[in-house]
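quick one, structure for this:
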Amino acid sequence: MNAHSFEHQLRQATAPAPDAEAQLRSRNAALAEFQRVHAAANQTISPKDTWLFRLRRLFPGTGRGRPSRNLWLGGLATACVVVVAVSTFFLVPPGQRQVAVRPSIDTATIPEVNNPTPPVIQESEPVAPTPAMPEEKTEAQQPKAVIPPEAVRGRPKALNPHRQRTGKPASSAEAITTPDPSVIAPVSPPEVDEVVVGHDKVYASAMTASTAVAAVQPSPGPGSDVGLGEISVTGTRATKSSWFNRMFSRKEPQSIQQSFRSIDEGRDQFEHFEINPVKQVSTEPVSTFSADVDTASYSFVRRELNQGRLPQVDSVRVEEMINYFDYAWPASESRDQPFEPTVTVSDSPWGEGKKLIHIGIKGYELPVRQQPDINLVLLLDVSGSMDEPDKLPLAQKSMALLLETLKPSDTVAIVVYAGAAGEVLPPTPIKQKETILQALYSLTPGGSTAGAEGIKLAYDLAERSFRKNGVNRILLATDGDFNVGITNRNELKGFVEREREKGVFLSFLGFGEGNYRDDMGQTLAQNGNGVAAYIDTLNEAKKVLVQESTASLFTIAKDVKFQVEFNPATVAEYRLVGYETRALNREDFNNDKVDAGDIGSGHAVTAIYEITPVGSKAKLIDESRYAEPARAAAQGKASEYGFLRIRYKLPNGFRSRLIEQPIRIDAGVPEALRDSVEFSTAVAGFGQLLRGGKYTGTLKFDDVIRQARGALGDDPYGYRAEFLTLVHKAKEAGGK
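Okay, the predicted model is just below:
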């Protein structure tokens with residue numbers, strides 16, 4: 001019998017009949033073993049596993065038994081994998097759905113299961129020995145690249161919300177190619193990027209393909225109760241997305257600046273205040289407040305409007321918006337009396353039957369030959385929160401601009417602070433500008449924010465190089481986010497108050513948003529005899545530190561206080577527009593121990609009162625029946641709305657001087673001042689609308705635009721024209 005016949009007979013042969021008793025014994029043994037194992041598993045189930053039994057009750061199995069835990073878990077895991085795969089496919093835009101398929105393998109070359117001998121790969125050419133390479137994995141198996149800082153050679157480049165990586169992004173039309181498995185190529189280490197999210201840093205590899213994703217889950221920044229979603233670094237852009245957007249949205253990723261806008265919005269801190277109310281002259285005829293030359297509010301409002309949103313209400317301080325602009329108030333010609341007040345009276349554009357009283361002063365402009373030498377200390381915040389293009393890099397460029405305005409005999413020192421404070425540059429003459437610039441641009445951000453330690457060190461350095469007949473000033477550049485050491489505003493206030501008595505003043509320059517502490521900056525500047533400005537662009541830095549450098553550095557009058565006493569015979573009610581955070585008690589006016597605002601060389605200060613004349617139907621407060629004696633006593637001053645008093649001290653003086661002037665009913669508005677009065681009125685109306693317009697009646701943004709456009713006047717730098725643009729943006733952002 002040949003082999004073929006034998007195989008044919010084997011195929012035709014029938015299997016023997018099964019033994020019924022043997023099958024029954026085997027079945028019973030298997031059932032007994034299953035019950036024993038299942039009972040042992042049930043005994044070890046902890047109370048935490050009770051959810052599994054509830055799941056079984058919801059989805060009962062067939063027959064007398066129910067699925068085991070392992071079967072259910074396996075099924076659940078399989079379902080999750082299917083959902084994730086389908087969701088991932090539909091997440092990718094249609095133009096980018098590229099499926100990477102490995103080269104097919106001939107099944108004939110697959111060894112048998114029980115064959116222990118591995119297949120032999122034939123090489124067409126001899127390959128030189130190479131070091132052991134990591135096992136190749138598919139894209140789905142690639143681990144998330146999280147590399148600790150110590151594993152990175154050199155300093156990793158920072159990827160922050162406003163900075164994009166250089167390099168060509170992967171095109172969405174490019175397919176993801178798979179390397180030939182027969183060719184072994186060396187694998188280079190991935191380029192490492194430092195992804196900064198809030199106050200956390202995560203190191204992730206930069207993928208070359210646009211579909212490669214490194215997902216991290218950072219914690220929210222200090223003081224934030226907003227949880228961050230998934231941060232996906234894809235190619236050259238990073239986006240924040242919610243679960244809903246990831247599942248159902250097919251929009252292109254936004255920039256990281258746009259992604260964090262909703263998180264950062266509202267986190268900046270400002271001092272809360274209520275707007276000045278209407279007061280009745282018969283009960284409270286005297287109004288007292290401190291001068292304010294700060295402009296930080298206007299710059300911050302501009303930034304918010306340029307980003308397409310209305311600013312926080314407390315960020316709008318109307319007096320700072322008014323004083324952002326220069327006006328044609330007559331300037332003093334004597335350093336001994338550094339300013340003279342100008343008073344005008346005009347109709348109110350938002351209150352029929354009411355009047356506006358403008359009080360304007362223009363500081364004496366110090367000639368170059370009279371400018372004293374400067375002992376300047378630059379105090380720069382280099383903490384991690386300053387790692388944004390509009391923070392430390394912008395501060396460095398701003399300080400470099402300032403150096404161009406200083407004399408060769410002036411000196412500059414640099415102090416920095418992060419987790420601790422340190423002296424970077426001792427007092428150095430401006431003639432060594434290259435040395436100063438080298439030290440300035442060598443600074444890099446990182447760490448926490450020990451602001452109080454930096455302020456103390458800056459004062460120590462300024463006092464060691466103190467110039468008796470010169471200007472001794474600290475310029476603090478920060479976002480104000482102090483989180484190490486002394487962080488209480490009152491403690492810092494007391495410290496700078498003591499230091500200003502020694503002749504060292506402090507000014508605040510604010511940068512950035514998201515964790516900007518305007519309240520801290522206002523406290524430090526007001527009590528440090530300095531000014532507070534907000535630098536949102538390099539153009540603003542030029543305005544504050546170049547065009548108005550003398551006003552920022554040279555004080556011509558300190559502790560400037562205003563007091564107006566209204567005549568009850570001619571004025572029924574009054575309201576001070578703005579200056580809510582600068583209010584003083586009536587007795588503070590004559591108390592030289594009470595601090596007030598300072599005025600620099602060429603500074604312009606404008607205050608606006610809205611009054612309701614006696615007999616006008618626009619009154620909001622009913623007359624008191626017992627106010628007649630006071631009114632009768634004032635009948636002799638029927639030609640005056642009130643009386644103005646101003647107190648100030650010379651820069652090195654300790655006793656105040658007094659300026660007095662009546663506010664006459666027929667003051668009117670001189671033609672030379674008409675543009676100044678009209679434009680400042682438009683800015684005041686705009687600021688009040690941004691705060692809700694409680695006392696502006698039917699005034700709208702269109703009315704502000706109309707009034708400001710007719711009063712642009714001489715606008716060499718375009719600031720007034722820019723104001724018109726901001727009003728339009730406020731209207732588009734949801735105004736009225």
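
what count of nearby residues applies to the nearest residue to residue 614 once chain neighbours are set aside?
In space, residue 614 comes closest to residue 572 once its chain neighbours are excluded; the distance is 5.0 Å by CB to CB, 6 or more residues apart in numbering. Using the backbone N, CA and C atoms, a C-beta is placed for each residue, glycine as well. Other residues near residue 572 come to 24 when the count uses other CB atoms under 10 Å.

got phi/psi on residue 572?
Backbone torsions of residue 572, given as degrees, to the nearest 10, read phi -90, psi -40.

where is the longest strand in the chain?
As assigned by DSSP state E, the longest strand anywhere in the chain is strand 555-566.

what packs against it?
Under the contact criterion of 3 or more CB pairs under 8 Å, 6 or more residues apart in numbering; DSSP states H and E, strand 555-566 touches strand 286-290, strand 597-600, strand 604-613, strand 640-649.

just the CA atoms of the second one, as CSV, please.
Spelled out, it's strand 597-600. Provided in CSV are the C-alpha atoms of strand 597-600 (Å, rounded to 0.1, in the frame of the first residue of the first chain):
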residue,chain,number,x,y,z
GLY,A,597,0.2,112.3,45.3
ASP,A,598,3.4,113.6,43.7
ILE,A,599,3.7,115.5,40.4
GLY,A,600,6.7,115.1,38.1
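
who touches that strand?
Strand 597-600 is touched from outside by 290-293, 338-339, 361, 363, 505, 526, 529-531, 548, 550-560, 582, 605, 648, with contacts defined as CB atoms under 8 Å, 6 or more residues apart in numbering.

7 Å instead, please
In this structure, residues lying in contact with strand 597-600 by CB atoms under 7 Å, 6 or more residues apart in numbering are 290-293, 339, 363, 529, 531, 550-552, 554-558, 560, 582, 605.

repeat for the third one
Judged by CB under 7 Å, 6+ apart, the contacts made with strand 604-613 from elsewhere in the structure are 291, 293, 322-323, 326-327, 329, 348, 351, 354-362, 562, 564, 570-577, 579, 599, 618-619, 641, 680, 684.

buried stuff in it?
Neighbour counts using 16 or more other CB atoms under 10 Å place 604, 605, 606, 607, 608, 609, 610, 611, 612, 613 of strand 604-613 among the buried residues.

a markdown table for those, including pLDDT?
Formatted as a markdown table, these follow (pLDDT from 0 to 100):
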| residue | pLDDT |
| --- | --- |
| 604 | 94 |
| 605 | 96 |
| 606 | 98 |
| 607 | 98 |
| 608 | 98 |
| 609 | 98 |
| 610 | 98 |
| 611 | 97 |
| 612 | 97 |
| 613 | 96 |
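
distance check, residue 569 against residue 620.
19 Å (CB to CB, to the nearest Å).

and those two? Which one has more around it.
Taking other CB under 10 Å, residue 569 and residue 620 do not tie; residue 569 has more neighbours (20 against 13).

stretch 574-591: end-to-end distance?
Stretch 574-591 has an end-to-end distance of 25 Å (CA to CA, to the nearest Å).

quick one, strands of the stretch 451-600 of the chain?
For the stretch 451-600 of the chain, the strands defined by DSSP state E, counting those that start in this stretch occupy 471-478, 505-511, 532-535, 555-566, 571-577, 597-600.

tell me which strands the last one pairs with, and in which orientation.
In this case it means strand 597-600. Paired with strand 597-600 in the same sheet, following DSSP bridges, are strand 555-566 (antiparallel).

same check on the first one?
Partners of strand 471-478 in the sheet, by DSSP bridges, are strand 374-381 (parallel), strand 505-511 (parallel).

export the ones you listed to CSV and append columns for mean neighbour count and mean pLDDT.
Below are the strands paired with strand 471-478 laid out as CSV (neighbours: other CB atoms under 10 Å; pLDDT from 0 to 100):
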stretch, mean neighbour count, mean pLDDT
strand 374-381, 25, 96
strand 505-511, 26, 95
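
quick one: pLDDT of the closest residue to residue 270 other than its chain neighbours?
With sequence-adjacent residues excluded and distances taken as CB to CB, 6+ apart, residue 270 is closest to residue 314, at 3.9 Å. Note on residue 314: pLDDT of 96.

surely residue 314 meets residue 272?
Yes. With contact defined as CB atoms under 7 Å, residue 314 and residue 272 form a contacting pair (5.2 Å).

of the two, which one has the most company?
Using other CB under 10 Å as the criterion, residue 314 and residue 272 rank with residue 314 on top: 17 against 10.

next one: phi and psi at the more buried one?
As for residue 314, its main-chain torsions (degrees, to the nearest 10) stand at phi -70, psi -10.

ok, it - contacts?
Contacts of residue 314 by CB under 7 Å, 6+ apart are 270, 271, 272, 273.

from what I can see the first one touches residue 311, true?
No. With contact defined as CB under 7 Å, residue 270 does not count as touching residue 311 (9.4 Å).

low-confidence stretches in the chain?
1-20, 22-23, 26-27, 30-31, 33-73, 86-266, 483-487, 626-636, 735-736 (pLDDT under 70).

so it: which segments form each domain?
143-169+188-264, 279-367+556-616+629-732, 372-553 (automatic domain parsing).

save those domains as TSV, and put in distance to residue 82 too.
Formatted as TSV, the domains of the chain follow (distance: least, CB to CB, whole Å):
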stretch	distance to residue 82
domain 143-169+188-264	15
domain 279-367+556-616+629-732	41
domain 372-553	40
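
what's the closest of these to residue 83?
Nearest to residue 83, of all those, is domain 143-169+188-264, at 9.9 Å by CB to CB.

how about the residue nearest to residue 722 when sequence neighbours are not counted, phi and psi?
Nearest residue to residue 722, sequence neighbours excluded (CB to CB, 6+ apart): residue 302, at 7.7 Å. Here is the backbone geometry of residue 302 (degrees, to the nearest 10): phi -60, psi -40.

could you count how many residues lie near residue 302?
The number of residues packed near residue 302 is 22, by other CB under 10 Å.

isn't it up against residue 725?
No. When contacts are counted by CB under 7 Å, residue 302 is not listed as touching residue 725 (9.4 Å).

so how far is residue 662 from the residue nearest to residue 614?
Counting by CB to CB, the gap from residue 572 to residue 662 is 19 Å.

same check, this time on residue 337
Note on residue 337: its distance to residue 662, by CB to CB, is 18 Å.

next: residue 495.
Distance, residue 495 to residue 662, using CB to CB: 42 Å.

and the two? which has more neighbours close in?
More crowded of residue 495 and residue 662, by other CB under 10 Å: residue 495, with 18 against 15.
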